[in-house]
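**Q** Pasted the sequence and its predicted model underneath.
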Amino acid sequence: MSEYNPRIVGFLCNWCGYAGADLAGTSRLSYPTNIRIIRVMCSGRVEPAFILNAFENGADGVLVAGCHPGDCHYRSGNQHAEKRIEKTKKLLDLLGIGSDRLRLEWISAAEAEKFASVIKDFTEKLRSKGPSPICKPTPVALVQHNGTESVHDVLKRTNALYCQECGKCSSSCPITRLDPAYSPRIAVEKALMGLEDAVLTDKGLWSCLTCYLCRQRCPLDIEYDELIRTCRAKATANGIVGNCSHEGVLYSLSRLMANSETKQNRLGWIPQEAEIAKTGDILYYVGCLPYFNVYFDDIGVKHVEIAQSMLKILNAAGIKPVVLDNEKCCGHDLSFSGDLAGFEKLAKMNISDIEKSRASTVVTTCPECYRTLKLGYEEYLGKQKFEVLHASEFIADLINNGKIKFAGKIARKVSYQDPCRLGRHMGVYDHPRKVITSIPGVELIEMERNRQNAICCGVSAWMGCGRHSKQMQMERLAEAKSTNADLLVTACPKCQIHFNCALSEKLPVERKDVAIETMDLSVLVAKAMNLMPNSMEMNKK
Amino acid sequence: MSEKPSVLVIGGGIAGIQASLDLAGRGFQVYLLEETPTIGGRMAQLDKTFPTMDCSICILAPKMMECFRHPNIKLLTYSELKEVKGGVGDFQVKILRKPRYVNETKCTGCAVCAEHCPVEVPNDFDMNLGMRKAIYMPMPQAVPRCMTVDKENCIECKLCTKMCQAGAVDFTQQPQDVDLNVGAIIIATGFDQYDPSEIVEYGYKKNKNVLTALEFERWVCASGPVGGHLLRPGDGGIPKRIAFIQCVGSRGRKFGAPFCSSVCCMYATKEALIIREHAPGVQVYIFYNELRAFGKGFHEFVTRAKEEYGVNYIRSRPGEIREESTKSLSIWYDDTLTREIKSLGNVDLVVLCSALVPRTGNKKLAEIMGIELDDCGFFKVTHPFLAPVDTPVQGIYVCGYCQSPKDIPDSVAQASAAAARAAEALAMIKEQKVGGS
């Protein structure tokens, strides 16, 4: 057996790190040949996505080298790099890959020796650590509806052959209104004309939010979201890559979970006093919240609070739920972005783990997990043995059975954002409203477009987030604000991310017209039960 | 079988009326069964008819009266079919006559009782847009011209009894079973309008300025709730812009009906013309999918609407209707001919040309008579081309909208066909009897 030779990907900044490596070469310094160098203009350019992508593709370690603090060619690029690397290290720890496989070094153009010694040291450390736990993705048996199905078959399966070209979809689509270049009607029309290439190469294929508004309204029951999902899978199979947001880091996370043999370290969020079980009847499926908590820590959303709230609510109701210590991503984003093979892997792992836990009911706080576990797994892998409930349904049930005790009045005016996966995809409209209105003191004020007519938060499945997403977010936030509510509650962690992200940026409108506090439904309930820290303004007894 | 061969006609709309008159004219005894207090049906609710723009009730009322006066026709209004036994030439029929609590022979229809009745309820004849009293006549031209007490809403103050000079009000009336022996049965139950409130994006029932087409017919009708003035239902204001949306619930696979109601393109054009004649300043928009103007004079009618009356036709099924801050409506649509996504703002009134569907009561009727409905709820016939009015049970015939979507002239023609088929069957029976004896 040949000796294990670690593979290192090095992102070196043009002005310092790369020049240092160059000097090491011209100075004929010797260092291990394990590094493959990628020159970047600045260490600040290195996104977490690049690093995760390197690991996905077989790197055992990643080195990022930039200028010394204060020496950045672009003044502060290396400071950005430092923050990003810190974030990425946390992600690597969560994933079980280990933060010590990622190294950030300041190497100036003169420090050839430092470069050589860093490489030498990193190579040795990685050698003693052993190979990365990430395996190269192996092709899996493609789940149904992929590959072999012709576009015509897809049109038939999704009822698109019934299209009357009436334009109801296109005049409903929130994207088409902002960007007429994309329209569900024209996509279907092209497919009907047999222009398969035109459909698969159309940029609009990746603009669709799969928010179900057109499907909800289509009199012919055309399953646009499914049509788009299948076409994306076909496009992906043909090597076409969609425009993902955050450089695809969230897909990388999903794929790394699908292809990793090690155990994640994902239970760090569980408060000491909370109780969980290894096996049991009820399982709380946390989803990507611990990862979001790291990645989105700079937009003011504390995602583990959602998980903590839910766990505490369950505990307070006398339930000790199972929480899986190696729970994988549900696969929602991969299934909606065309990677059905990755989706299938994740789904099978989750199904096996859930079955092992002997849980008969799975509760989720994320509507995308909810849709995927409940519907997606059934669509692709057959009916599952466990029942899936969204937190809003489960909490509404606890309230009905008198198992929830609210601590006092919360004098707040609340508006509710229907998440598209929970509402239109799964038909859950009443439960979240029932939960909100059960809290003493809370007044629920509906937005003009609610329930079936609700508008998406602007991004879904981490597909492209551009100008139109931001416009939609501004419009939706303004709609929430115009109700005179002071709190926008949603039952989807991703809606909350997208709204908060929009508000964290420079706004194209007056801040007072759109700025509104957002909160997850579970957090609101936990605060009302005094299970989570409660700000003073909340409790006005 | 009685001396005079007889026929039961179920449904007192234009098809039932025509079939009854045809048969009565040939000397048959006809029993015309109607579940509401008056005959006339849907046609009586319409303001005008296309493409001639005749006043609907003006051409219908004489026929209604003829039914009433005809010695061979017996009206069984406010009645229900309970049971049918036997076969062609000898059907034994049980009918329940609901009590009107008003004596039909004594009542003169002066409506003094209604003037004094203290209870007001929505008038179903006016599609619940206007009000009527608990003792009422659905419309001024009702046949029989007789009041009816709506027992569900009556508070039994008996003020009507006191006020009636003819002494017609009679609260002692009881439901009455009527047993008939008829040789043939003709079904003509017509249609209902699909309630589009589940198509939430159009805001029907949430927004007062969104009406269905039948509601609009009553709304603009001279005998309707606002006396035929063209007003905005929400606040009584004067509308400037009115839009029609076609295929609401029809030709779909999810909501309403899978078929084309066949009359909406034309009645929307007719209603557009009514609007333009009432108030030439009002802009009218018709959102259509395919313009189905296939009958004699229909296409010319649409052309006239476009050219002479300036009605705007837009090929689109709008995505949604939103309420503007000014309380008027805006319609979002994709102009499929120019591929532009637009909104039509400042719309004061939207008329939803909602699907016309076979009546839900057909199911029960079919069970009683041992015949079948198709998937859509229309009565099945033995052959759609060659026997379009024959049900599989000999002696039972169907005509009008309950057989398939159609307009008034086609309903009338089919009613005559059904009458002819019934007469033919009875003639055969008579011949057999004569021959046999």
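**A** Alright, I've got the coordinates.
**Q** of all of the stretch 51-200 of chain B, which residue lies closest to chain A?
**A** Nearest residue of the stretch 51-200 of chain B to chain A: B:Val200, at 4.9 Å (C-beta to the nearest C-beta). For glycine as for every other residue, the C-beta is placed from the backbone atoms N, C-alpha and C.
**Q** got a list of what that residue touches?
**A** A:Arg451, A:Gln452, A:Asn453 (C-beta atoms under 8 Å, 6 or more residues apart in numbering or on different chains).
**Q** okay, the closest residue to the second one other than its chain neighbours: pLDDT?
**A** Just to be clear, that refers to A:Gln452. Distances taken as C-beta to C-beta, 6 or more residues apart in numbering or on different chains put B:Val200 closest to A:Gln452, at 4.9 Å, once the chain neighbours are dropped. Listed pLDDT for B:Val200 reads 95.
**Q** circling back: can you add secondary structure and give the contacts of B:Val200 back as JSON lines?
**A** Below are the contacts of B:Val200 laid out as JSON lines (DSSP: H, G, I helix; E, B strand; the rest coil):
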{"residue": "A:Arg451", "secondary structure": "helix"}
{"residue": "A:Gln452", "secondary structure": "helix"}
{"residue": "A:Asn453", "secondary structure": "helix"}
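**Q** quick one: which of the residues you listed is most hemmed in?
**A** Neighbour count (other C-beta atoms under 10 Å in any protein chain shown) singles out A:Asn453 as the most crowded of the contacts of B:Val200, with 20 neighbours.
**Q** Going along the chain, name the helices of the stretch 301-437 of chain B.
**A** Secondary structure of the stretch 301-437 of chain B, counting by DSSP state H, counting those that start in this stretch: helices at B:362-369, B:408-436.
**Q** Could I get the ones you listed in TSV, plus columns for distance to A:Ile313, mean pLDDT and mean neighbour count?
**A** Putting the helices of the stretch 301-437 of chain B into TSV (distance: least, C-beta to C-beta, whole Å; pLDDT from 0 to 100; neighbours: other C-beta atoms under 10 Å in any protein chain shown) gives the following:
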stretch	distance to A:Ile313	mean pLDDT	mean neighbour count
helix B:362-369	48	97	17
helix B:408-436	62	89	18
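**Q** Please tabulate those in JSON lines and include distance to chain A as additional columns.
**A** Shown next, in JSON lines, are those (distance: least, C-beta to the nearest C-beta, whole Å):
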{"stretch": "helix B:362-369", "distance to chain A": "24"}
{"stretch": "helix B:408-436", "distance to chain A": "25"}
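**Q** now those helices in a markdown table, with distance to A:Asn243?
**A** Converted to a markdown table, the helices of the stretch 301-437 of chain B look like this (distance: least, C-beta to C-beta, whole Å):
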| stretch | distance to A:Asn243 |
| --- | --- |
| helix B:362-369 | 53 |
| helix B:408-436 | 55 |
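**Q** Can you report phi and psi for the residue nearest to A:Gln452?
**A** The phi and psi values for B:Val200, taken as degrees, to the nearest 10, are phi -60, psi -30.
**Q** And B:Glu66, by the same measure?
**A** phi -60, psi -40.
**Q** tell me the contacts of the closest residue to it other than its chain neighbours?
**A** The shortest distance from B:Glu66 to any non-neighbouring residue, by C-beta to C-beta, 6+ apart, is to B:Leu21 (6.1 Å). Contacts of B:Leu21 were listed using C-beta under 8 Å, 6+ apart, and they are B:Lys63, B:Glu66, B:Cys67, B:His70, B:Ile73.
**Q** What's opposite B:Phe191 in the beta bridge?
**A** Beta-bridge pairing of B:Phe191 under DSSP bridges involves B:Pro358.
**Q** related to what we said a few turns ago, out of the contacts of B:Val200, who's nearest chain B?
**A** A:Gln452 (4.9 Å).
**Q** my read: the closest one touches A:Gln216, true?
**A** Yes: with contacts counted by C-beta atoms under 8 Å, A:Gln452 reaches A:Gln216, the gap being 5.5 Å.
**Q** tell me, what's touching those two both at once?
**A** Common contact partners of A:Gln452 and A:Gln216 (C-beta under 8 Å, 6+ apart): A:Arg424.
**Q** For A:Val9, give me phi and psi.
**A** Phi and psi for A:Val9, reported as degrees, to the nearest 10, are phi -100, psi 130.
**Q** Quick check: the gap between it and chain B.
**A** Remark: distance between A:Val9 and chain B (C-beta to the nearest C-beta, to the nearest Å) = 46 Å.
**Q** for that residue, what are its contacts?
**A** A:Ile35, A:Arg36, A:Ile38, A:Ala54, A:Ala59, A:Gly61, A:Val62, A:Leu63.
**Q** The first one: neighbouring residues, count only.
**A** Number of residues near A:Ile35 (other C-beta under 10 Å) recorded here: 20.
**Q** for B:Gly395, same thing?
**A** B:Gly395 sits with 23 neighbouring residues when counted by other C-beta under 10 Å.
**Q** That one and B:Ile187 touch, don't they?
**A** No: B:Gly395 lies out of contact with B:Ile187 (C-beta under 8 Å); the separation is 11.6 Å.
**Q** Quick one: low-confidence residue ranges for the chain.
**A** Defaulting to chain A. A:1-2, A:137-148, A:535-541 (pLDDT under 70).
**Q** actually it's chain B I care about, not the one you picked
**A** B:1-3, B:434-437.
**Q** Where does whatever residue of the stretch 301-450 of chain A ends up closest to chain B sit, in terms of helix or strand?
**A** Using C-beta to the nearest C-beta, A:Glu448 is the residue of the stretch 301-450 of chain A that sits closest to chain B, at 7.3 Å. Of the helices and strands defined by DSSP states H and E, none includes A:Glu448.
**Q** got the phi/psi numbers for it?
**A** The phi and psi values for A:Glu448, taken as degrees, to the nearest 10, are phi -60, psi -40.
**Q** what residues are up against it?
**A** Neighbour list for A:Glu448: A:Glu479, B:Arg322, B:Glu323 [criterion: C-beta under 8 Å, 6+ apart].
**Q** hmm, who's touching the one helix or strand A:Leu334 maps to?
**A** Element membership for A:Leu334, per DSSP H and E: helix A:332-336. The contact list for helix A:332-336 (C-beta under 8 Å, 6+ apart) reads A:210, A:229, A:232, A:250-251, A:254-255, A:258, A:340, A:342-343, A:346, A:368-369, A:371-372, A:376, A:380, A:421, A:460-463.
**Q** Quick check on those residues: which are buried?
**A** A:210, A:229, A:232, A:250-251, A:254-255, A:258, A:340, A:342-343, A:346, A:368-369, A:371-372, A:376, A:380, A:421, A:460-463 (16 or more other C-beta atoms under 10 Å in any protein chain shown).
**Q** Just those residues: which are in strands?
**A** Judged by DSSP state E, strands contain none of the buried ones among the contacts of helix A:332-336.
**Q** Tell me which entries of those lie within helices.
**A** Of the buried ones among the contacts of helix A:332-336, the ones assigned to helices by DSSP state H are A:229, A:232, A:250-251, A:254-255, A:258, A:340, A:342-343, A:346, A:368-369, A:371, A:380.
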